[in-house]
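*Asks:* Predicted model and sequence follow; I will ask about them next.
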Amino acid sequence: MAKIIGKALPNIPWEDKPADCKTPVWRYSGNPIIKKDAIPSSNSIFNSAAVAFNGKFAGVFRCDNKAVEMNIHAGFSDDGINWNIDHEPIQFQGDPYITKLQYRYDARVCEVEGKYYVVWCNGYHGPTIGLGYTEDFKTFHQLENCFLPYNRNGVLFPRRVNDHYLMLSRPSDTGHTSFGDIFISQSKDLVYWGKHRHVFGTAGGWQSTKVGAGPTPIETDEGWLMIYHGVITTCNGYVYRFGAALLDLDEPWKVITRGDWYLLGPETLYELAGDVPGVTFPCAALTDADTGRIAIYYGCADTVTGLCFTTVDEVLDYIKAHPMK
């Protein structure tokens, strides 16, 4: 059995696997957990991130308003399922040349060395990777943009590797991006990023158009478990599913195993119908090191937020049984 390296989380949101479920990931029966109009201004709330915080939970949520302007809001929850989201967007402190808002979306949140780092797609003469931090989810500080435009899907690792911070990303373009591979970059100070390495690119089927990192990588005794999204171009447009890969602990640009079969794709009405139909987009994963449980938060049809569950053994066994050739 595989072991998650990390903290126990006895109050992780959880629902047991249904007896008739034949897939490694199963949906929460109360989905979607966050409706599109959960705050007065919102047109949609999706592609958001949650973390354990002070015995409860906190997060950063993509809330597109009724002008369909993209921004991120803080939120809190007692149980990781029922959320109270701030009605006003996060106001970052920092250099006004950097904090000036064009747009912010698709945040990830990661605790590193006692601070909670927020990584998002930041509008700065085109999409790039914004980076900031908070200690209380009330005051947020913005650091320098990590890369030049154009880039998306920045995901920070939860600890340094060989004394370097690591970040996954997907270089892109100004539009919806009809291409994209996953790269990893290293930094000594969270300001200057280099030593870029290619992790992997597109493959066949469900991940044939582009791939991008999802939640914060999960450290296990077998390697870094990376949940990622893959996209296929169909006659009805892009379809987003998500799968998993196992990366080397010391050199995470080296792939140990990559699943050929996806873990979850759009099947239910709230995943198939919305502002962008046919999207399941993972952005956060809570883990319990004692039980191996994993709770995944994912955006549904770019409209609402869903929750699904799995275990480290379910995922690793599945991708090992169906490896990419």
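*Replies:* Structure's in. What do you need?
*Asks:* Doesn't residue 319 belong to a strand?
*Replies:* No: per DSSP: H, G, I helix; E, B strand; the rest coil, residue 319 lies outside any strand segment and is helix.
*Asks:* check contacts around residue 113.
*Replies:* For residue 113, the contact set (C-beta atoms under 8 Å, 6 or more residues apart in numbering) comprises residue 159. C-betas here are computed from N, CA, C, even on glycine.
*Asks:* Just the helices from the chain, written as ranges.
*Replies:* Taking DSSP state H to define them, one finds helices in the chain at 96-99, 269-272, 312-321.
*Asks:* buried residues in the lowest-mean-pLDDT helix or strand in the chain?
*Replies:* In the chain, the helix or strand scored least confidently by mean pLDDT, DSSP states H and E is helix 96-99, which has a mean of 94. By neighbour count on 16 or more other C-beta atoms under 10 Å, the buried set for helix 96-99 is 98, 99.
*Asks:* contacting residues around stretch 20-27?
*Replies:* Stretch 20-27 has contacts (C-beta under 8 Å, 6+ apart) with 15, 17-18, 263-264, 268, 296, 306-310, 314-315, 317-318.
*Asks:* Quick check: end-to-end length of that stretch?
*Replies:* For stretch 20-27, the first-to-last residue distance is 13 Å (C-alpha to C-alpha, to the nearest Å).
*Asks:* Does residue 145 touch residue 126 like I think?
*Replies:* No: the pair residue 145 / residue 126 is not scored as a contact, 10.7 Å apart, by C-beta atoms under 8 Å.
*Asks:* give me the number of residues near residue 191?
*Replies:* 12 (other C-beta atoms under 10 Å).
*Asks:* That one: what's its closest spatial neighbour, skipping adjacent residues?
*Replies:* The shortest distance from residue 191 to any non-neighbouring residue, by C-beta to C-beta, 6 or more residues apart in numbering, is to residue 144 (5.2 Å).
*Asks:* what pLDDT does residue 325 get?
*Replies:* At residue 325, the pLDDT value in this model is 85.
*Asks:* Alright, calling it a day.
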